[in-house]
Structures are given as structure tokens and as C-alpha cells.
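Q: One predicted model, sequence on top.
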Amino acid sequence: MITAPPGKPMPEGAAELRRLARQIATDPSAWTPELASLVAGLFEQLAPAWDTEHATGRLDFLADALARGGPLPCGICLELGSGTGQHTPHLADAFDHVIAVDLARKMLRRAPAHLAPRLQADAARLPLAAGSIAAVVLVDALLFPAEITRVLAVGGVLIWANQLGADGPLFLDTPTVIGALGGAWSAVQAEAGWGSWAVLRRARTP
Ligand SMILES: C[S@@+](CC[C@H](N)C(=O)[O-])C[C@H]1O[C@@H](n2cnc3c(N)ncnc32)[C@H](O)[C@@H]1O
């Protein structure tokens, strides 16, 4: 068990953002072109100061998920909402191939290109073939269930992690994530430091 150190930041407006994140996860019509453009613009602005002013600097929750979340599949890991690539090195250690996907070009430009090819794309409309991905990882990212279930192979895993756990601005609890995805999944979850994670495994038989 990884205990939470003192000084956990509590972001302003988190409850409202969680409501929006839940709406986007449960109602495909909530993600409009206008909202996509607003979100992209926001993160383009935040990009220069992301690593120094917004990132928590904590990586323990993801290390815990990768170590204790069960066997990881072979194949491509898709990191959605990868931002400046704070977590990409951990994923590059754990998986053979990682693709980093983000909506905001300026976030993506800061990410480590030598560890993972960077793809500017909307996670709601991925330019990837159905069933081509072994693992999807979201760290403090928006959940777009239809695209995840389309690109994720049967037997694949989804890692859902929030650096500030239930206090995080995009946190959804595991039953909500599974309900939004639909279909049959098994899950293991834990809290780790300030954060929380769940590794969801897609059932081989529907
Ligand atoms: C809260 S930040 C987290 C970034 C990174 N995962 C981290 O933990 O440092 C959310 C990221 O998701 C990206 N994002 C938001 N909506 C997205 C979408 N529809 N498709 C892809 N990326 C998106 C943002 O541009 C931003 O970089």
C-alpha cells in the first residue's frame, strides 16, 4: 500500500468538471465540436506551464497499477490524453509499443517523441482500426467509451487512473466507467498515494 503524503492539492472547480466528465462519458452527444475546440484551446494555453504548475509530479499510482493490476497484454498501448508525456516513460517500460494521443498540439509537442509516436487526434474519433489496440491508458483524461471499445481488442485492458483519486477533476468511479463502456469486464482497483487506479479487463466472451 502506498500511503498519501501530506500536501495533496485540491483543484478549484473540480466538482463541476467531474460532472462534465461524467456527462461526456455517458452521453455521446455531450462532446460537441464547440466543446472540443474549447478544451483544445484551454490545453494549448496551459501547455507551457503544465509540467511546472499543473502536474502533481507523482508517478507512484501508475507504477502501482502496472505492478499490481494483473498481467499486461502484448501489443500496442494507446495513451489517450497523454498531455506532455508525464506518464509515457512508465508506459514505454511496461509495453512494447506506446502511441501518445492528445487533442492539444502544444501539450503533445512537449512529450518524449523517442519513447512513443505522438498523434494529435480527438479520442472521440480515433484514426485507428477496430480491435487494433491491446491496452488503453487514461491518466486524468476524458472517457470516450464508444471509441475505446471499438479500438480495444477482446482480452485487452483499460487502465483508468486519477492522480488525485476521487478529488481529481476528471475522476469517475469504476462502476461508472464500466457502465459507460458496456459489455463484460473484470476489474481490479486500488488507491495509491494521492491517486487511484483501476485496471479493467475486457472479457473474451461477450
Ligand atoms: C488533465 S490533462 C492530463 C494530461 C496527462 N495525462 C497528465 O496526466 O499529465 C488532460 C489531457 O487530455 C487532453 N484531451 C482533452 N480532451 C481530449 C480528447 N477529446 N482527445 C484527446 N485528448 C484530449 C488535453 O489536451 C490534456 O492534454
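A: That came through fine.
Q: and the residue most central in space within the chain, helix, strand or coil?
A: Nearest to the geometric centre of the chain sits L138, at 1.0 Å (CA atoms, centre = their mean). Three-state assignment for L138 (DSSP: H, G, I helix; E, B strand; the rest coil): strand.
Q: Kindly report the same for the one 10 residues further on.
A: For I148, the secondary-structure state derived from three-state DSSP is helix.
Q: Which residues belonging to whichever strand or helix holds Q23 are considered buried?
A: Per DSSP states H and E: Q23 is located in helix 14-26. Across helix 14-26, burial judged by 16 or more other CB atoms under 10 Å covers 14, 17-18, 21-22, 24-25. Every C-beta, even on glycine, is put in place using the N, C-alpha and C of the backbone.
Q: Please state the offset of stretch 151-159 from the chain centre?
A: Taking the mean of its C-alpha atoms, stretch 151-159 sits 13 Å from the chain's own mean (CA atoms, centre = their mean, to the nearest Å).
Q: next one: stretch 137-157
A: 9 Å.
Q: How about it and the ligand, touching?
A: Yes - against the ligand, stretch 137-157 shows contacts by CB under 6 Å from any ligand atom at 139-142.
Q: before we move on, what about stretch 96-115?
A: Yes - contact of stretch 96-115 with the ligand (CB under 6 Å from any ligand atom) involves 101-104, 107.
Q: Can you list which of these are found in strands?
A: Using DSSP state E, the subset of the residues of stretch 96-115 next to the ligand located in strands is 101-102.
Q: Most neighbours of all the residues of stretch 96-115 next to the ligand, which one?
A: Counting neighbours by other CB atoms under 10 Å, D102 leads those with 28 neighbours.
Q: so what's that one bridging to?
A: On the basis of DSSP bridges, D102 is bridged to Q120.
Q: In contact with it, which residues?
A: For D102, the contact set (CB atoms under 8 Å, 6 or more residues apart in numbering) comprises 43, 81-83, 108, 111, 118-121.
Q: so of these, which ones are in helices?
A: Among those, the ones falling in helices (DSSP state H) are 43, 108.
Q: What are the buried residues along the strand ranked longest in the chain?
A: For the chain, the longest strand by residue count, based on DSSP E, is strand 152-162. Buried residues in strand 152-162, counting neighbours by 16+ other CB under 10 Å, are found at 152-153, 156-162.
Q: could those residues be laid out in TSV, adding pLDDT and distance to F95?
A: Below are the buried residues of strand 152-162 laid out as TSV (pLDDT from 0 to 100; distance: CB to CB, whole Å):
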residue	pLDDT	distance to F95
L152	98	14
A153	96	13
G156	97	12
V157	98	10
L158	98	13
I159	98	11
W160	98	16
A161	98	15
N162	97	20
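Q: Help me confirm that G193 comes into contact with T3.
A: Yes - counting by CB atoms under 8 Å, G193 does reach T3; the two are 7.1 Å apart.
Q: Those two: which is more packed in?
A: More crowded of G193 and T3, by other CB under 10 Å: G193, with 21 against 8.
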